[in-house]
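# After the sequence you'll find the predicted model.
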Amino acid sequence: MIDVAEHLAAILEAVVPLESEPRDVAAARGRVLRAAVHAAVDVPGFDCSAMDGFAVRADDITAGPTTLRVVADLPAGSELDPPIGPGDAVRIMTGAPVPTDATAVVPFEETAEGLEGGLGPVAVLTAPRGPGAHIRRRGSDVRAGSLVAAAGVRLTAGRVGAIAASGVGTVSVARAARVAIVSTGSELRPAGTPLRRGQIPESNSVLLAGLAEEAGAEVVLRTSVDDSGDGPRRAIAAAEAAGADVVVFSGGVSAGAYEVVKNTLGDLMRFEPVRMQPGKPQGFGRSAAGTLLFGLPGNPVSAAVSFELFVRPALRALEGDGELGRSRALVPFAVEWRARPERAQYVPVRIDRSDPAHPVAEPVERGTRGFGDANGLAVIPPSTRGVAAADPVEVLLW
């Protein structure tokens, strides 16, 4: 058997990053930046009011109530720059440019009548804390030319918002990886159709396609092949015709007599046992065209765990993502658990946060129903000593 890390390293070594493409920033959320983004403008682009209130000359206001004349009104978006003389004030809204003569903004809450006073004289009850009070200075958030987002980050809503705010409308991103999902097995039938003795609903392609899409990939083919003939080769041809960068097989990679992937693709893939449970039988290779080929076990939970450990990092590496793996945390394990000396165990768990100060990782019920409730994988390293209840374990967080 080979180690998990060794198998993953061989996979990542075979990854060639995908080409980049320009994309409007409004349509770029979820993609990975290929080129760093620098601000095109100062943010904010001018001195502006941080509050709804009155722009004033701070020196005009004494410690007690001070009455000022309101000489102008500035909504956000105004281009006006009214002069402010001694004893004057300008009503101003949040985001509006602060008049050149003003040195502070007094919020409505610190005046006698606030907004209801209209444009009549205003009585200021509290003196500003000093020059610049409640004024956002030009470039105080971002200076033109400064870094907004580095290459290799995945664009969240917050990041695309920051990029747009910095005056950049188009970004260079990696296109989504295109994935084909192929289930194998003569016993498989589409979910919801009548079953004869020996037949089972086909679910792996639905599960793995969902995991691929959650990883940011585009699924271009989802199909199944039986355990005889050259179905896997025909599936690769169909996947490549659809533009797939990756083909993921489930089933057909173990030690049985009808392992169709292993029996037909030995010239393209290597098949090795990996020191892990579940998911020991694994296959990986490349087609003549360079398409990445993954062979995962047929058991649904084994296939999903294998996808998490090997396929997902490869999909993210294809995009140039700087973060290939899941976030990890140490969480107390809820029960005793028997470790295995020769293999790492990946236990689907549900993190119970009913007591926020003391979360625990509880193993879910075995099988697909329990796996649907999991929100992480607890990693039990090879050991001759078991895990005691309340021992901290590393959890890959979903």
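Arrived safely, thanks for sending.

# In the stretch 51-200 of the chain, mark out all the strands, start to finish.
Remark: strands assigned in the stretch 51-200 of the chain by DSSP state E, counting those that start in this stretch are 53-56, 66-74, 88-92, 104-107, 122-124, 135-136, 147-149, 170-174, 178-184, 188-190, 200-202.

# Of all the ones you listed, which one comes closest to Leu309?
Nearest to Leu309 among the strands of the stretch 51-200 of the chain is strand 178-184; the distance by Cβ to Cβ comes to 16.3 Å. Using the backbone N, CA and C atoms, a C-beta is placed for each residue, glycine as well.

# what residues does the closest one touch?
Strand 178-184 is contacted from outside by 202, 204-205, 208-209, 212, 217-227, 231-232, 235, 238-239, 242-252, 260-261, 298, 315, using Cβ atoms under 8 Å, 6 or more residues apart in numbering.

# What of stretch 366-375?
The contact list for stretch 366-375, computed with Cβ under 8 Å, 6+ apart, reads Ser203, Pro300, Val301, Ala304, Pro348, Val349, Arg350, Ile351, Val364, Glu365, Leu397, Trp398.

# Could you export these to JSON lines, including columns for neighbour count?
Shown next, in JSON lines, are the contacts of stretch 366-375 (neighbours: other Cβ atoms under 10 Å):
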{"residue": "Ser203", "neighbour count": "16"}
{"residue": "Pro300", "neighbour count": "18"}
{"residue": "Val301", "neighbour count": "20"}
{"residue": "Ala304", "neighbour count": "27"}
{"residue": "Pro348", "neighbour count": "25"}
{"residue": "Val349", "neighbour count": "24"}
{"residue": "Arg350", "neighbour count": "17"}
{"residue": "Ile351", "neighbour count": "18"}
{"residue": "Val364", "neighbour count": "19"}
{"residue": "Glu365", "neighbour count": "13"}
{"residue": "Leu397", "neighbour count": "12"}
{"residue": "Trp398", "neighbour count": "15"}
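
# Just the ones in strands from those, please.
Among the contacts of stretch 366-375, the members falling in strands (DSSP state E) are Pro348, Val349, Arg350, Ile351, Leu397.

# list the contacts for the fourth one?
In this case it means Ile351. By Cβ under 8 Å, 6+ apart, the contact set of Ile351 is Val331, Pro359, Val360, Ala361, Glu362, Asn375, Gly376, Val395, Leu397.

# Look up which residues are beta-bridged to it.
Beta bridges link Ile351 to Ala361, judged by DSSP bridges.

# What separation do you get for it and Val360?
Ile351 is 7 Å from Val360, where distance means Cβ to Cβ, to the nearest Å.

# Could you tell me which residues touch both of these two?
The contact sets of Ile351 and Val360 overlap at Val331 (Cβ under 8 Å, 6+ apart).

# Contacts only, for Ser287.
Counting by Cβ under 8 Å, 6+ apart, Ser287 makes contact with Ile236, Glu240, Val247, Leu268, Leu293.

# The nearest residue to Val182 once chain neighbours are set aside - how many residues pack around it?
Nearest in space to Val182, with sequence neighbours left out and distances taken as Cβ to Cβ, 6 or more residues apart in numbering, is Ala235 at 4.5 Å. Counted with other Cβ atoms under 10 Å, residues neighbouring Ala235 total 23.

# And for Asp230?
Neighbours of Asp230 (other Cβ under 10 Å): 14.

# before we move on, what about the one 3 residues further on?
Residues contacting Arg233 under the criterion other Cβ under 10 Å number 14.

# let's have the chain start at 50 instead
Understood, numbering begins at 50; the last thing we discussed is Arg282.

# elements contacting the host helix or strand of it?
Arg282 belongs to helix 280-290 when assigned by DSSP states H and E. Helix 280-290 is packed against strand 227-233, strand 267-274, strand 295-299, helix 309-313, with contacts defined by 3 or more Cβ pairs under 8 Å, 6 or more residues apart in numbering; DSSP states H and E.

# relative orientation of it and strand 295-299 in degrees?
150 degrees (axes from the mean of the first three to the mean of the last three Cα atoms, to 10 degrees).

# residues in contact with helix 280-290?
The contact list for helix 280-290, computed with Cβ under 8 Å, 6+ apart, reads 229, 231, 233, 269-270, 272, 274, 296, 298, 301, 309-310, 313-314, 336, 338, 340, 342.

# now it, how far from the centre of its chain.
Put simply, helix 280-290 sits 30 Å off its chain's centre (Cα atoms, centre = their mean, to the nearest Å).

# Can you give me the buried ones in it?
Neighbour-count burial for helix 280-290, counted by 16 or more other Cβ atoms under 10 Å, picks out Gly280, Pro281, Ala284, Ile285, Ala287, Ala288, Glu289.

# Can you name the next helix or strand after the helix or strand bottoming out on mean pLDDT in the chain?
Least confident helix or strand of the chain, by mean pLDDT, DSSP states H and E, is helix 417-420 with a mean of 90. Going down the chain from helix 417-420, the next helix or strand is strand 425-429, by DSSP H and E.

# Mind checking the pLDDT average for that next one?
Mean pLDDT, computed over strand 425-429, is 97.

# Many thanks, we can stop here.
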